[in-house]
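**Student:** Here is my input, please return the structure:
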Amino acid sequence: MNHQNFIQCIGNTPLIYIESLSKITGCEIYGKAEFMNPGGSVKDRAALGMILDAQKKGLLKPGGLIVEGTAGNTGIGLALIGNVLGYRTKFVVASSQAQEKIDTLRGMGAEVVVVPPAPFPDPKNYRMVAKKIAEDEGGYYINQFDNPSNFQIHYETTGKEVWNDTQGTVDAFVCAIGSGGTLTGVAQALREKSAKVKIGCIDPVGSSMFNYFTSGKAELSVGESITEGIGQGVVTGNVAPLKNVDHAFRADDQTILNMVHYIVRHEGLFLGSSSGANLCGAYLMAKRLGAGKKVVTILCDSGQKYISKIYNSDFLKQRGLSVTGNADALFGSLDRLF
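**Tutor:** Numbering: from 1, shown residues only. So this is what the prediction gives:
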């Protein structure tokens with residue numbers, strides 16, 4: 001029997017074949033099951049990479065305090081790995097994030113400060129508050145957004161896993177941007193292997209990454225999104241090295257919701273909104289490239305952290321959204337985006 005500790009279980013997640021989307025597009029579409037990481041999300045990788053890098057550089061001392069602004073998943077990874085390695089953790093979270101994630105962080109022993117949503121770089125923004133707390137309390141502000149060890153761990157692990165899992169036959173990789181570490185790291189790893197691999201970004205409304213990659217200007221789009229952990233208004237330190245993507249797409253909340261509800265009913269995958277956006281991106285990439293291609297995306301986390309939001313009909317109705325897994329509604333809206 002192969003015995004591994006918590007940290008050794010991070011990564012090497014399986015690729016899941018998304019049969020329904022593959023049949024419709026004529027491509028092979030796969031999702032890397034990052035929800036199977038021990039902390040439940042793709043952010044376990046970034047958390048581990050950033051902590052190990054800080055240790056190596058002497059930025060974290062035994063028993064030290066890790067401080068971060070987070071939508072929840074990075075904090076969960078940092079809290080659990082911090083517990084294993086003997087670090088204290090304190091996180092700043094915007095009140096717009098799902099209560100389940102805030103409660104989870106506290107249940108893991110982390111201190112959580114909840115602040116009202118504010119744009120970056122407003123001093124009241126959750127990232128700016130975290131930075132100030134670290135300065136005042138002598139903690140290490142890990143700064144996932146501008147910390148290069150974030151994309152480096154994805155370059156070293158996620159990207160190489162995607163290449164190896166597909167035996168080097170991957171034609172395209174697409175995902176949304178939160179901090180930017182996943183897309184940049186995987187893109188660099190795959191582009192080193194083959195210049196033919198296409199890289200795509202999927203952006204929710206209200207974000208600026210679609211505009212950044214299509215016009216060179218990081219201008220916010222009209223509207224706002226209920227998605228969590230993705231949708232960036234600035235070019236972070238982890239996005240800057242990416243330089244360009246081959247294809248950029250944008251999806252509205254209703255289309256993303258249609259996708260998550262469609263996927264749970266047709267594929268048995270109970271996913272969060274960022275995974276829904278990524279699957280929209282994979283579909284659009286497949287349609288853009290044409291039949292016969294192999295497209296990979298990231299299944300970031302499970303839907304269990306979003307019961308009160310994207311799986312709550314009352315919450316959605318208040319925002320003019322509906323719960324549906326209807327295929328015609330989903331693919332009709334996606335085809336209009338394409």
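**Student:** From now on I want contacts and neighbour counts done on CA atoms only, so please keep to that.
**Tutor:** Will do.
**Student:** Helices along the protein, start to end?
**Tutor:** Assigned by DSSP state H, the helices in the chain fall at 19-25, 43-56, 73-85, 99-107, 126-137, 148-153, 159-165, 181-193, 209-215, 253-267, 273-289, 313-318, 327-337.
**Student:** Now render these as a markdown table, adding mean neighbour count and distance to Val174.
**Tutor:** Shown next, in a markdown table, are the helices of the chain (neighbours: other CA atoms under 10 Å; distance: least, CA to CA, whole Å):
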| stretch | mean neighbour count | distance to Val174 |
| --- | --- | --- |
| helix 19-25 | 17 | 15 |
| helix 43-56 | 21 | 17 |
| helix 73-85 | 23 | 20 |
| helix 99-107 | 17 | 25 |
| helix 126-137 | 19 | 26 |
| helix 148-153 | 25 | 15 |
| helix 159-165 | 20 | 12 |
| helix 181-193 | 23 | 7 |
| helix 209-215 | 20 | 13 |
| helix 253-267 | 22 | 15 |
| helix 273-289 | 27 | 6 |
| helix 313-318 | 14 | 27 |
| helix 327-337 | 15 | 15 |
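**Student:** Relative to Cys9, which of these is closest?
**Tutor:** Between Cys9 and the helices of the chain, the tightest spacing by CA to CA is seen for helix 43-56, at 9.9 Å.
**Student:** Compare the helices of the chain and say which comes out lowest on pLDDT.
**Tutor:** Between these, the one with the least mean pLDDT is helix 327-337; it has a mean of 85.
**Student:** Can you check what angle separates that one from helix 273-289?
**Tutor:** Interaxial angle, helix 327-337 versus helix 273-289 (axes from the mean of the first three to the mean of the last three CA atoms, to 10 degrees): 60 degrees.
**Student:** how far is helix 327-337 from where the chain is centred?
**Tutor:** Relative to its chain's centre, helix 327-337 lies at 23 Å (CA atoms, centre = their mean, to the nearest Å).
**Student:** That one - contacts with which helices or strands?
**Tutor:** strand 247-251, helix 253-267, helix 273-289 (3 or more CA pairs under 8 Å, 6 or more residues apart in numbering; DSSP states H and E).
**Student:** what's the closest of these to Glu68?
**Tutor:** Of the helices and strands packed on helix 327-337, nearest to Glu68 by CA to CA is helix 273-289, at 20.3 Å.
**Student:** mind saving the C-alpha coords of that closest one as PDB?
**Tutor:** Extracted C-alpha coordinates of helix 273-289, given in PDB (Å, rounded to 0.1, in the frame of the first residue of the first chain):
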ATOM      1  CA  SER A 273     -19.000  28.400 -10.900                       C
ATOM      2  CA  SER A 274     -15.300  28.800 -12.000                       C
ATOM      3  CA  SER A 275     -15.400  25.200 -13.300                       C
ATOM      4  CA  GLY A 276     -18.600  26.100 -15.200                       C
ATOM      5  CA  ALA A 277     -16.800  29.100 -16.800                       C
ATOM      6  CA  ASN A 278     -13.900  26.800 -17.700                       C
ATOM      7  CA  LEU A 279     -16.200  24.300 -19.400                       C
ATOM      8  CA  CYS A 280     -17.800  27.100 -21.400                       C
ATOM      9  CA  GLY A 281     -14.300  28.000 -22.400                       C
ATOM     10  CA  ALA A 282     -13.500  24.500 -23.400                       C
ATOM     11  CA  TYR A 283     -16.700  24.300 -25.500                       C
ATOM     12  CA  LEU A 284     -15.900  27.600 -27.200                       C
ATOM     13  CA  MET A 285     -12.300  26.600 -27.900                       C
ATOM     14  CA  ALA A 286     -13.400  23.300 -29.400                       C
ATOM     15  CA  LYS A 287     -15.900  25.100 -31.700                       C
ATOM     16  CA  ARG A 288     -13.200  27.600 -32.700                       C
ATOM     17  CA  LEU A 289     -10.600  24.900 -33.500                       C
END
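**Student:** tell me the angle of that helix relative to strand 247-251?
**Tutor:** 130 degrees.
**Student:** so what secondary structure elements neighbour helix 273-289?
**Tutor:** In terms of contacts (3+ CA pairs under 8 Å, 6+ apart), helix 273-289 is packed against helix 19-25, strand 28-33, strand 172-175, strand 198-204, strand 247-251, helix 253-267, strand 294-299, helix 327-337.
**Student:** Among those, which comes closest to Ile230?
**Tutor:** Smallest distance to Ile230 across these (CA to CA): 7.6 Å, for strand 198-204.
**Student:** Sheet-wise, list the partners of the closest one with their directions.
**Tutor:** strand 172-175 (parallel), strand 247-251 (parallel) (DSSP bridges).
**Student:** Let me know which of those strands is tucked in deepest.
**Tutor:** Comparing these by mean neighbour count (mean count of other CA atoms under 10 Å), strand 172-175 ranks first with a mean of 28.
**Student:** Pull the residues that contact that strand.
**Tutor:** Residues from elsewhere that reach strand 172-175, judged by CA atoms under 8 Å, 6 or more residues apart in numbering: 182-183, 187, 197-202, 277-278, 281-282, 285, 293-298.
**Student:** Now render the helices and strands packed on helix 327-337 as TSV, adding distance to Thr324.
**Tutor:** TSV is the format used below for the helices and strands packed on helix 327-337 (distance: least, CA to CA, whole Å):
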stretch	distance to Thr324
strand 247-251	16
helix 253-267	6
helix 273-289	13
